[in-house]
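# build me a model from this:
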Amino acid sequence: MKISQLAHLTDPARCPRLVFKVGSALLVGKDGAPRREWLAALVAEIAAARAVGQEVIVVSSGAIALGARKLGLAKGGRGSLSDAQAAAAVGQIALAGLWAELLGAHGITAAQVLLTLEDLEDRRRYLNVTATLGTLLAAGAVPVINENDTVATQEIRFGDNDRLAARVAQAAGASGVLLLSDIDGLYDRDPRQPGAVRIPVVKGVTAEIHAMATGGSSSGLGSGGMTSKLQAAEIAELAGIALAIIDGQPVSPVVAALGTDRGTLFLPRGRRQARKAWLGGKMRMRGAIHVDAGAARALAGGSSLLAAGITHVDGAFHRGDAIAVLGPDGATLARGLCEYDAAECARLLGHHSREHEDILGYAPRSALIHRDQLVLL
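Numbers count the residues shown, from 1 in each chain. The predicted model follows:
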């Protein structure tokens, strides 16, 4: 059974495993203290979902905001990377304790999992995350996940928990993601403008959909905005996962939103093989290969990428690295694991396979990127 409307996200038959994402502005008040009453009501909704057989994972922001209050740091702890890391070190203890206490009141065990971008970009570590989440869920725990801001540098951060939630859903094999936001969905323009209309269902995140987004977080506490939510939706849809944005501000926000069908649901594409889903969700590419129109058509038809259609090579990638494949207009057509390093690709550029052995001095591989290691976007 497919997910085609918001209410389906609470149906364990259609969505047996659901990821809740909770932002800082919802969990932490303007005074830096946790909003315990609101969170207790949300936890009651999570407990109700569990009671009907739905497995739940939580991606929770709030550590930096909570830690900044305890340490007396300005700008909510986001004045500098070192401030954010220090605030996270203090706040993560408080955040984990809060979730453990409130879930424990319903007889549910909370499990803390801290992740960096590299944990989900590296294939082996990604599989470790998948195994850990599966074991925790099978044991009846609710994993509470946050980015490991204490050790993550600016270069290896997700930067927001919207995209982290989509990647966690992918690793966990979830069917849906529920982003609790400070707005009740995607609008066709800035929702503060007269005549702005909420989009109830999105079938594919296109350039037109991206143009509707406004970046930045209105609260000043979070790091995301509508742009990051659309990026999360792209990751989810490529993995065959439904994602919804709802207004998280009311008490018992899930009942309030899904009961009135108020939010935006991003429909998933068909389920992909695990490796291709991982490739589609990767956020860091090591380089890029540009191809001509003929190669672009061949890829769209399900072919592997051959050197004859390459026009340019970017980056200093190695064999096995994930790279982007760009069409004649510069748009990203696909992502894949390259069978050659960048220098070899540059030497093979434009040459047919029968010439490769003479150029490289060894028997060539069947393709630069085999179709089994390539995902179209």
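# got phi/psi on the residue lying closest to L267 once chain neighbours are set aside?
Distance criterion Cβ to Cβ, 6 or more residues apart in numbering; nearest residue to L267, sequence neighbours excluded, is K203 at 5.2 Å. Just so you know, the C-beta spots here come from the backbone N, C-alpha and C atoms, and that holds for glycine as well. Main-chain dihedrals, K203, degrees, to the nearest 10: phi -110, psi 80.
# just give the number of residues close to K203.
12 (other Cβ atoms under 10 Å).
# what separation do you get for it and P268?
10 Å (Cβ to Cβ, to the nearest Å).
# and what of G107?
Separation of G107 from P268 (Cβ to Cβ): 32 Å.
# again, but for R347
40 Å.
# these two: who's more crowded?
Neighbours per residue (other Cβ under 10 Å) separate R347 from P268, with P268 holding more: 23 against 14.
# can I assume the more buried one is in contact with A236?
Yes. In this structure P268 lies within contact range of A236 using Cβ atoms under 8 Å: 6.7 Å.
# shared neighbours, the two?
242-243 (Cβ atoms under 8 Å, 6 or more residues apart in numbering).
# quick one: low-confidence parts of the stretch 51-200 of the chain?
152-159 (pLDDT under 70).
# where in the stretch 201-350 of the chain is pLDDT low?
Along the stretch 201-350 of the chain, the model assigns pLDDT under 70 to residues 214-224, 270-275, 283.
# show me where it has strands.
Using DSSP state E, counting those that start in this stretch, the strands of the stretch 201-350 of the chain run over residues 201-202, 242-247, 264-266, 287-291, 310-315, 322-326, 332-337.
# kindly state the domain boundaries assigned to this structure.
Domain ranges of the chain: 6-278, 285-376, per automatic domain parsing.
# how long is the first one end to end?
Distance between the two ends of domain 6-278: 25 Å, counting by Cα to Cα, to the nearest Å.
# now do the shortest one
By Cα to Cα, the extent of domain 285-376 from end to end equals 15 Å.
# pull the longest helix from the chain.
Identified as the longest helix of the chain according to DSSP state H is helix 81-104.
# and the helices in the stretch 1-150 of the chain?
Here the stretch 1-150 of the chain has its helices, by DSSP state H, counting those that start in this stretch, at 24-27, 36-51, 63-71, 81-104, 117-121, 123-138.
# can you tell me which helices and strands the fifth one packs against?
The reference is to helix 117-121. Where contact means 3 or more Cβ pairs under 8 Å, 6 or more residues apart in numbering; DSSP states H and E, helix 117-121 is packed against helix 123-138, helix 161-172.
# again, only using 6 Å
Helices and strands touching helix 117-121, by 3 or more Cβ pairs under 6 Å, 6 or more residues apart in numbering; DSSP states H and E, are helix 123-138.
# now tabulate the helices of the stretch 1-150 of the chain in CSV and tack on distance to G302 and mean neighbour count.
Converted to CSV, the helices of the stretch 1-150 of the chain look like this (distance: least, Cβ to Cβ, whole Å; neighbours: other Cβ atoms under 10 Å):
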stretch, distance to G302, mean neighbour count
helix 24-27, 43, 25
helix 36-51, 39, 17
helix 63-71, 44, 25
helix 81-104, 44, 19
helix 117-121, 26, 19
helix 123-138, 23, 15
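# just put the ones you listed in TSV and tack on distance to I310.
TSV is the format used below for the helices of the stretch 1-150 of the chain (distance: least, Cβ to Cβ, whole Å):
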stretch	distance to I310
helix 24-27	44
helix 36-51	49
helix 63-71	44
helix 81-104	38
helix 117-121	25
helix 123-138	25
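# can you tell me what sits against stretch 55-62?
17-24, 27-28, 46, 49-50, 95, 137, 142-146, 161, 164-165, 168, 172 (Cβ atoms under 6 Å, 6 or more residues apart in numbering).
# one more pass at 7 Å, please.
With contact meaning Cβ atoms under 7 Å, 6 or more residues apart in numbering, stretch 55-62 is reached by 16-24, 27-28, 46, 49-50, 91, 95, 99, 133, 137, 142-146, 161, 164-165, 168, 172, 174, 222.
# sounds good, over and out.
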